[in-house]
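Colleague: Next come a sequence and a model predicted from it.
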Amino acid sequence: MIDYDVDDDGLIEVRYLEQLDVIRHDLVGTGKPKNLSRVAHHRSAFPWPESGMGCPGGVCEGYELMRDLDFRDGDSYASGTVNSKWTDGVGWLPIGLGERTFSAKFNGNGYAISNLYISRPGDTKTDPIGLNETESTGLFGRTTDESEISNVRLLDVQVLGVVRVGGMVGLNNGRIHNVSISGEVSGNAGVGGLTGSNLGEIVASSADVSVTGRDEIGGLVGISDGRVAGSHATGKVSGRLNVGGLLGWSGKSGLITGSYFTGDAIGTQVLGGLAGRNEGEITRSYSAGTVSGRPVANTQQVSRLGLAVSHAGGLVGLNRSHGSITKSYSIAQVGGDYRAGGLVGGNSGTIIATYAAGDVAGESAVGGLLGVNFGGGVVVTSYAAGRTIKRGEDGFSFGGLIGSNYEGSRVIDSYWNTHSTRRQLDSDRVTDSGARGVIAAHMVSPTSYEGIYSHWNLDVDNADGDFDPSTGRDDFWDFGTSGQYPALRVDFDGDGVATWQEFGDQRQSGP
């Protein structure tokens, strides 16, 4: 008998693309396909899988790559010949669609899969086994919360779908760890370089992908109600509504932590360097790319749909009432029309311990940190060091910190550099609520929690449980020398010492 788990780690070893293909007939990875009508197909790639597997207990729990595979290289095929059905026409059929979802492990062992090609724009027929081939598009279509995809690289992908489109997974409910991707991904809604939609966990993963679509478009994930940690994206991300360099839309259960974006984000409405729309939690994350509002060409369409490049932010386009942003920053250059901010375009949530150092250009409601603070939004211990630049002649509400601060919204112990932006046209309400313009010398000179920063050491996470901001202080600011702006610091390596160097090269590339 043939042993398909030589190393006895419980994972079926994949050496050819034909074997990768028949995973769809054994989605739990036991080596025993449940769909009896597809047994012959499965055994053409894995002869006699029930015997001699070598898996502990005789049953496997997933798959592992044993070498690099390339869809355009005959050496990657057991037949020795490139399968043109996978490199032309509609291309690869995602593994796991409809109710037949992938729920096993897939360990890439650091190997790469190159030249994945999918072109399923929504006008094709159902696939041979009767599944909707356009509802979740990627190497994998849908995964369950029991799935785990890890340690694999996807190179030079070309993926086109409709909704929930990603290079690796269309709809992820499981765990994705240490996965990277490069190439081009496009679709209609819920489009991301790595995954279209995420309800699970994505950790230590990255995308260098050109991503295009209409709504909920992200460099890494289109829309997420799960966790994204220690991950990043670069490249070009382009869409219409809810467009973000890393995530298009992060929902109420969404968490983004320790992640960043360094490419170009282009959109029309609700556009951000890290996330377009945020309703969850963002912490210890940053944006260092460019955010460019792109107006629609048809002026009647602008009037009808309200698409006038509104809510553009260096980090987040729109931070909603449930959303929180802490210990994060942006040095992105931002351009929009209405409600444009160096950190956030529009905020009705909570923003604590943040800064923005990039320039912001717009026509109305433009601020160095926020375009507009409304709906009970709160900003605490934050600053802006970039310039606000007025476009056009009829604009209003420009500010070094906030373009417009609505009644009922608060700003506490926050500052802007008056050398960068002297104007604060909405100054009365903003100043009353705790914003203050300060010359650069006063912003850089403190080297500890003193002067204008004397109240900046707060207990934000309430780890001690006493709900007293004066106890259990977090101490996540590094003030550097008397000639440097404050920089945020975190403890990514878990050694108990937080440093700003672990969080990105803020001193060199920031203010």
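Modeller: Nice, I can see it.
Colleague: How about K85, nearest residue that isn't a chain neighbour?
Modeller: Among residues not flanking K85 along the chain, G91 sits closest, at 7.8 Å (C-beta to C-beta, 6 or more residues apart in numbering). C-beta: built from backbone N, CA, C; applies to glycine.
Colleague: just checking, next helix/strand downstream of the least confident helix or strand in the chain by mean pLDDT?
Modeller: In the chain, the helix or strand scored least confidently by mean pLDDT, DSSP states H and E is helix 299-305, which has a mean of 41. In the C-terminal direction, the helix or strand that comes right after helix 299-305 (DSSP states H and E) is strand 310-313.
Colleague: After that following strand, which helix or strand is next?
Modeller: Per DSSP H and E, the first helix or strand lying C-terminal to strand 310-313 is strand 316-319.
Colleague: Report the mean per-residue pLDDT for that next one.
Modeller: The pLDDT scores in strand 316-319 average 98.
Colleague: cool, stretch 362-381 as well?
Modeller: For stretch 362-381, the mean pLDDT works out to 94.
Colleague: oh, and call the first residue 405 from now on, that's how I've got it
Modeller: Taking 405 as the first residue, the last one we looked at is stretch 766-785.
Colleague: now do the same end-to-end measure for that stretch.
Modeller: Using C-alpha to C-alpha, to the nearest Å, one end of stretch 766-785 lies 25 Å from the other.
Colleague: Run through the stretch 555-704 of the chain and note the low-pLDDT ranges.
Modeller: Counting by pLDDT under 70, the stretch 555-704 of the chain shows low-confidence ranges at 699-704.
Colleague: just to revisit the earlier point, what confidence value was assigned to the residue nearest to K489?
Modeller: G495 is assigned a pLDDT of 96 by the prediction.
Colleague: Test my guess that it contacts R524.
Modeller: Yes: assessed by C-beta atoms under 8 Å, G495 is found in contact with R524 at 7.4 Å.
Colleague: Which one's more surrounded, those two?
Modeller: For G495 and R524, the more surrounded residue by other C-beta atoms under 10 Å is R524, and the numbers stand at 24 against 18.
Colleague: gap between the residue nearest to K489 and G545?
Modeller: 13 Å (C-beta to C-beta, to the nearest Å).
Colleague: what does I735 give?
Modeller: Remark: distance between I735 and G545 (C-beta to C-beta) = 37 Å.
Colleague: Between those two, which has more neighbouring residues?
Modeller: G545 (29 against 25).
Colleague: quick one, phi psi at that one?
Modeller: For G545, the backbone dihedrals (degrees, to the nearest 10) come out as phi -80, psi -70.
Colleague: Also H581?
Modeller: The phi/psi pair for H581 (degrees, to the nearest 10) is phi -140, psi 130.
Colleague: Give me the pLDDT value at the closest residue to G500 other than its chain neighbours.
Modeller: In space, and not counting its chain neighbours, G500 is closest to F506: 3.6 Å by C-beta to C-beta, 6+ apart. F506 carries a pLDDT score of 96 in this model.
Colleague: beta partners for F506?
Modeller: T547 (DSSP bridges).
Colleague: what's near enough to touch G655?
Modeller: The contact partners of G655, taken as C-beta atoms under 8 Å, 6 or more residues apart in numbering, are I627, S628, D629, E683, G684.
Colleague: out of the residues you listed, who has the most neighbours?
Modeller: For those, the largest number of neighbours (other C-beta under 10 Å) sits with S628, at 34 neighbours.
Colleague: any idea how far that one lies from S728?
Modeller: 15 Å.
Colleague: A788 is in contact with I755, correct?
Modeller: No: proximity of I755 to A788 does not meet the contact threshold set by C-beta under 8 Å, at 11.7 Å.
Colleague: ok, the residue nearest to G500 to G462 distance?
Modeller: As judged by C-beta to C-beta, F506 and G462 stand 22 Å apart.
Colleague: Could you check which of the two is surrounded by more residues?
Modeller: Per other C-beta under 10 Å, whichever of F506 and G462 has more neighbours is F506, with 31 against 13.
Colleague: Tell me which residues touch that one, please.
Modeller: Applying C-beta under 8 Å, 6+ apart to F506 gives the contacts I427, L431, I499, G500, F544, G545, R546, T547, T548, S551.
Colleague: For R447, state which of those residues is nearest.
Modeller: Nearest to R447, judged by C-beta to C-beta, of those is I427 at 13.7 Å.
Colleague: If we ignore the residues flanking it in sequence, what's nearest the closest one?
Modeller: Spatial nearest neighbour of I427, chain neighbours left out: I499 (5.3 Å); criterion: C-beta to C-beta, 6+ apart.
Colleague: The one you found contacts V426, doesn't it?
Modeller: No: with contact defined as C-beta under 8 Å, I499 does not reach V426; the gap is 9.5 Å.
Colleague: Would you map the helices across this protein?
Modeller: Counting by DSSP state H, the chain has helices at residues 421-425, 443-449, 703-709, 831-836, 844-848, 910-913.
Colleague: Comparing those, which yields the minimum mean pLDDT?
Modeller: Ranked by mean pLDDT, the helices of the chain bottom out at helix 703-709, with a mean of 41.
Colleague: how many other residues sit next to the residue lying closest to P451 once chain neighbours are set aside?
Modeller: Distances taken as C-beta to C-beta, 6+ apart place I406 nearest to P451, at 6.2 Å, with adjacent residues excluded. I406 is flanked by 12 other residues according to other C-beta under 10 Å.
Colleague: hang on, the earlier thing: which of I755 and A788 has more neighbours?
Modeller: A direct count of neighbours by other C-beta under 10 Å for I755 and A788 places A788 higher, at 34 against 28.
Colleague: Is F880 in contact with V894, as I believe?
Modeller: Yes: taking contacts as C-beta under 8 Å, F880 lies within contact range of V894: 6.5 Å.
Colleague: Which one of those two is surrounded by more residues?
Modeller: Neighbour tally, F880 and V894, criterion other C-beta under 10 Å: the higher count belongs to F880, 23 against 18.
Colleague: pLDDT score assigned to that one?
Modeller: Per-residue confidence (pLDDT) for F880: 89.
Colleague: Any figure for the gap between it and T758?
Modeller: For F880 relative to T758 (C-beta to C-beta), the value is 11 Å.
Colleague: For these two, list the residues in contact with both.
Modeller: Listed contacts common to F880 and T758 are K731; contacts here mean C-beta under 8 Å, 6+ apart.
Colleague: Tell me the spatial nearest neighbour of Q888, not counting adjacent residues.
Modeller: Excluding the flanking residues, the one nearest Q888 by C-beta to C-beta, 6+ apart is V848, at 5.7 Å.
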